[in-house]
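**Student:** structure for this input, please:
(chains A and B)
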Amino acid sequence: MSVESIVAASFPGVPAEPDDAYPKQVPVLRRLLANPIAVACLVFLLGVVLFGIVGPFVLTNDPADARLELTNAPPGTGGYLLGGDHAGRDIFSRLAVGTGESVICALIVLAVAAGIGITAGLIGGYYGGKFEAVASWLADALMAMPGIILLMAIFPLIGPNIRLAMAVFGVIISPAFYRLTRAMTLTVRNELYVDAAKIAGLSDARIIGKHVLNAVRGPLLIMSGGILGAGIGIQAALEYLGLGDPSRPSWGVMMQDGFNNMYATLLPIVWPALLMALTIVSLVLLGNALRDAFETSASQSLQLTPATVARLRAERAADPAAVSAPPKGAPAETAADLLQVHHLTIAYPTSGDTVRAVVSDVSLGVHKGEVHGIVGESGSGKSQTSFAILGILAPTARILSGEVLFDGRDLLTDPTWQRQVRGRRIGYIPQEPMANLDPSFTVGAQLNEGLREATGVSKAEAKATLLALLARVGIKDPQRTYDSYPHQISGGMAQRVLIAGAIAPDPDFLVADEPTTALDVTVQAEVLELLRELQAERGLGMILVTHNFGVVADLCDRVSVMKDGRIVESNTTEELFANPQDDYTRMLLSATLDAAPLRRPLGQEGV
Amino acid sequence: MEPLLSCRDVHVAFPGRGWGKPPVHVLKGVSVDVHPGETVGLVGESGSGKTTLGRAVLGFAPVTGGQILFEGKDYAKLPLAKRSGMARDMQVIFQDPYTSLNPAMTIEDILSEPLVVNRVPHPKRVVADLLERVGLPRNSGGRYAREFSGGQRQRIAIARALALKPKLIICDEPTSALDLSTQRRVLDLLLEIQRDTGVAYLFITHDLAVVRTMSHRIAVMFGGEIVETGPADTITRDPDHPYTQRLLMASPVAEPKEQRRRREERRRLLARQERELADAHAWDLESA
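**Tutor:** From the prediction side, this is the model:
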């Protein structure tokens, strides 16, 4: 068989993937500008910068000019927009010059801190080794030093030079950048796309500059807002304490002057304090807005009001198009005696008043002792259906129609009934066994607590039951596993543990959500074998969610095929495999590789 | 025919975690050849060392012994940074299409990066050709990875691997994260590319059904060693090693009657293997 014929044997009935499967990504800047607080902060900060840079050149009054007649003058007198200070100088002019100085100082802090911290963080995080050890030690030492006291101590050395002092402060605060950059670089370093870049022949410098910096820039940008604010605050504090150049106006000097003069008039201290507070608040708020813009998912937790849900339910009930065509094949009679799902519709909000249905008009039934497989691809709604039965849907999910009857009583509208049966008469076997065990407790402690909660037996009784069950699910040394922490057991063992936990309260119904997907093939076969034995032994009804038709063929009595939230076909397993009715089912079955042609060794192809 | 890639008695050991811990021996003398235009399937369970072998060939794992010859030249001890000449000839497709593409870069940036650093002329046009080659619209370069589905992302990863016209692509579980029908389409694409370009694949997977569809020859790994190797139909019809036999019987087939038969067969096989093991053990005791 040649390669050509293998390719030709691919399936024309398989539709191409939709082109616009996922919405276009909105750039961070546009998301940021959609936030009114961010826009207000940006406008204000831009104004402050302009005021500081352009202001000193267009001033009509020299900030050093003292006019005695305007001492402590109220705003607006004698051409002084914000009034005069204790020496009769124009507060507005002095504020403009001081703002310019503050902007420059804040930028010096940021440039020095970011320059040292980010560079060292990138190198240390990417290469590790000695450089990282030394840099981390230095960072720890710097962080242990009290910044402002250090700055006061070096004042005799550098003199009244606030810009140099700010550069020193930049060094002192650089560990903040170093630590953040290093921590993020460490995670990015192990990303597969960095490996791929290395294999493509990119130099380290290029990988760091492009891939790593790209991934870490968001949090660094957010942090920069805080650093700028800190720089402004520290600068003002130093100037206020008199460690700057007292002859030049600045926010700190002006506040100091105003403070000394505050029994005469309050206004001179209000102006610089107000400007400084607003600037720092704007920087912090802008940082928060940036964080929100980077974390898109944060804005996706939409909530629907009860009125909206009621309206959507009514609309759905009135909409004839909402009713699915009945599934092909021979759908399970909804008169099943254990579990019945009728016309279940689950939706998630897409905005304040619209929803997207992930499960639409799904009906199925499970008899006692019957295994019902739900099979479909990702996004088909198969897991959502099982979560609805268990009552563990995400909080934003809304049931728009339908009922889930267990023993004839609705689980959806009757929380008491749900509590009475879940974990007692309905067991659950999850997909990721490790994620469903708490790493900080022993296996035994977790199982024991669950069983006592469900059945009210004593601790000793529960332990005896569980040890017997652990032996039953094929664990060689039950006592040892019982006393182990989850990280001490393998994935296959963890799944056996969870199965033991699920059947411990002697349920009559199990929901298994992809119970073997995370396991190796050989382990999968053992777990399937175990599930079949337990099911037969205890007469369990079961819903088995899977994407694997082999698992269906192995375990299920009946199977429903789901596509885009609807059941397209439902039948007994034998009949569905022998005689699939729906095109989608046929396509899925043909996509399995069991019947795919083998390849001959190279050179013997086409023989 | 001279093999393109020849791993000879490759050992990989990771340093032990903590003071005085012995190193962890992950590969214990693995030998495998890949010829030009050939697909060699590497199959085994998690922890068998199959992914480590792929990473050792790529230069990501500490090779402590043996040779890795690519076109006759030994790369085993050569650090990745000094392999620049090989970059064009050996590429990789990873399992997880969600983390193998940089989320902050457009598709065009991702695809043109290897072209630019290796000074391939007209990168823009080549990118469009590559996208077309893997069945994506020529103009999708301006979009980001997260705007695509899993299958489409894996196509982009394939396009990146193809960008430098390599002679060998290491495929590390390239379809394990995909849906069944998507998997089928991606496998078809890989076969088609092999037909058109004559590229060789070292195809790593845990799925015997995938590996037998893709491979000319199969090597079965177990516990850091290759326990069996041979043509695909021999390995999947008449396996020699007990582990391969178990593996073959383990994956359920999508046909209830056939699966019932296999289930019985698997039970018999396990019982037989257990018996043989017990016999061997008894024999050991006797001879001791």
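
**Student:** so what pLDDT did residue 213 get?
**Tutor:** Let's take chain A. Here, the pLDDT recorded for A:Leu213 equals 86.

**Student:** correction: the question concerned chain B.
**Tutor:** For B:Thr213, pLDDT reads 88.

**Student:** list the contacts of it.
**Tutor:** A:6, A:593, A:596-599, B:187 (CB atoms under 8 Å, 6 or more residues apart in numbering or on different chains). Heads up, the C-betas are built off the backbone N, CA and C, glycines and all.

**Student:** element containing it, please.
**Tutor:** Following DSSP states H and E, one finds B:Thr213 within helix B:208-214.

**Student:** what is the subsequent helix or strand relative to that helix?
**Tutor:** strand B:217-222.

**Student:** look at residue 174 and say how many residues are nearby.
**Tutor:** I'll assume chain A. 26 (other CB atoms under 10 Å in any protein chain shown).

**Student:** hmm, I had chain B in mind actually
**Tutor:** B:Pro174: 30 neighbours (other CB under 10 Å).

**Student:** pLDDT value on A:Leu267, please?
**Tutor:** For A:Leu267, pLDDT reads 84.

**Student:** just give the nearest non-adjacent residue to it, would you?
**Tutor:** A:Gly83 (5.7 Å; CB to CB, 6 or more residues apart in numbering or on different chains).

**Student:** what do you get for A:Ile108?
**Tutor:** Closest residue in space to A:Ile108, ignoring its immediate chain neighbours: A:Met166 at 4.6 Å, by CB to CB, 6+ apart.

**Student:** what's the helix or strand for that neighbour?
**Tutor:** Judged by DSSP H and E, A:Met166 forms part of helix A:162-189.

**Student:** can you lay out the contacts of B:Thr213 as CSV showing pLDDT and neighbour count?
**Tutor:** Listed next are the contacts of B:Thr213 as CSV, based on pLDDT from 0 to 100; neighbours: other CB atoms under 10 Å in any protein chain shown:
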residue, pLDDT, neighbour count
A:Ile6, 37, 21
A:Leu593, 79, 22
A:Ala596, 73, 20
A:Pro597, 76, 13
A:Leu598, 77, 17
A:Arg599, 80, 26
B:Leu187, 92, 23
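
**Student:** give me the element the closest residue in space to A:Pro478 that isn't next to it in sequence is part of.
**Tutor:** Nearest in space to A:Pro478, with sequence neighbours left out and distances taken as CB to CB, 6+ apart, is A:Leu470 at 3.8 Å. Assessed by DSSP H and E, A:Leu470 sits inside helix A:459-472.

**Student:** number of residues surrounding residue 146?
**Tutor:** I went with chain A, as the question did not name one. With other CB under 10 Å as criterion, A:Pro146 counts 10.

**Student:** ah, I was thinking of chain B
**Tutor:** B:Arg146, neighbours per other CB under 10 Å, totals 14.

**Student:** what sits against the residue nearest the centre of chain B?
**Tutor:** Computing the C-alpha centroid of chain B and ranking residues by CA atoms, centre = their mean puts B:Ile204 first, at 2.1 Å. Contacts for B:Ile204 (CB under 8 Å, 6+ apart) come out as B:41-42, B:50-51, B:53-54, B:170-173.

**Student:** what helices or strands is the strand or helix carrying B:Ile169 leaning on?
**Tutor:** Taking DSSP H and E as the criterion, B:Ile169 maps to strand B:168-172. Packing partners of strand B:168-172 (3 or more CB pairs under 8 Å, 6 or more residues apart in numbering or on different chains; DSSP states H and E): helix B:50-58, strand B:90-93, strand B:200-205.

**Student:** what's the second one in contact with?
**Tutor:** Where contact means CB under 8 Å, 6+ apart, the residues beyond strand B:90-93 that reach it are A:195-196, A:199-200, B:5, B:54, B:57-58, B:70, B:100, B:154, B:157-158, B:160-164, B:166-172, B:174.

**Student:** residue contacts, the nearest residue to A:Leu213 once chain neighbours are set aside?
**Tutor:** Distances taken as CB to CB, 6+ apart place A:Leu122 nearest to A:Leu213, at 7.0 Å, with adjacent residues excluded. When contacts are counted by CB under 8 Å, 6+ apart, A:Leu122 touches A:181-182, A:185, A:208, A:212-213, A:216.

**Student:** rebuild these as CSV, extending it with neighbour count.
**Tutor:** Below are the contacts of A:Leu122 laid out as CSV (neighbours: other CB atoms under 10 Å in any protein chain shown):
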residue, neighbour count
A:Thr181, 28
A:Arg182, 25
A:Thr185, 24
A:Ile208, 21
A:Val212, 24
A:Leu213, 17
A:Val216, 23
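
**Student:** tell me the one of these nearest A:Asp257?
**Tutor:** A:Thr181 (40.1 Å; CB to CB).

**Student:** what segments of the chain are strands?
**Tutor:** The chain I'm using is chain A. Secondary structure of chain A (DSSP state E): strands at A:328-329, A:339-349, A:355-366, A:371-375, A:398-406, A:409-410, A:426-429, A:509-513, A:541-546, A:558-563, A:566-572.

**Student:** nope, chain B please
**Tutor:** B:5-14, B:24-34, B:39-43, B:63-70, B:73-74, B:90-93, B:168-172, B:200-205, B:217-222, B:225-231.

**Student:** quick one: the helices in the stretch 101-250 of chain B?
**Tutor:** Counting by DSSP state H, counting those that start in this stretch, the stretch 101-250 of chain B has helices at residues B:107-117, B:123-133, B:150-162, B:180-197, B:208-214, B:232-237, B:242-250.

**Student:** would you turn those into CSV with distance to A:Tyr126?
**Tutor:** Shown next, in CSV, are the helices of the stretch 101-250 of chain B (distance: least, CB to CB, whole Å):
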stretch, distance to A:Tyr126
helix B:107-117, 18
helix B:123-133, 26
helix B:150-162, 22
helix B:180-197, 32
helix B:208-214, 35
helix B:232-237, 42
helix B:242-250, 39
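
**Student:** out of those helices, nearest to A:Ser247?
**Tutor:** Among the helices of the stretch 101-250 of chain B, helix B:107-117 sits nearest to A:Ser247 (CB to CB), with 52.3 Å.

**Student:** and that closest one with helix B:150-162, angle?
**Tutor:** 10 degrees (axes from the mean of the first three to the mean of the last three CA atoms, to 10 degrees).

**Student:** let me know the angle separating helix B:107-117 from helix B:123-133.
**Tutor:** 120 degrees.

**Student:** for the stretch 201-350 of chain A, which spans come out with low pLDDT?
**Tutor:** For the stretch 201-350 of chain A, the stretches flagged by pLDDT under 70 are A:296-302, A:322, A:324, A:332-334.

**Student:** list the contacts for A:Glu69?
**Tutor:** Here A:Glu69 is in contact with A:78, A:88 (CB under 8 Å, 6+ apart).

**Student:** measure it to A:Gly84 for me?
**Tutor:** 9 Å (CB to CB, to the nearest Å).

**Student:** alright, calling it a day.
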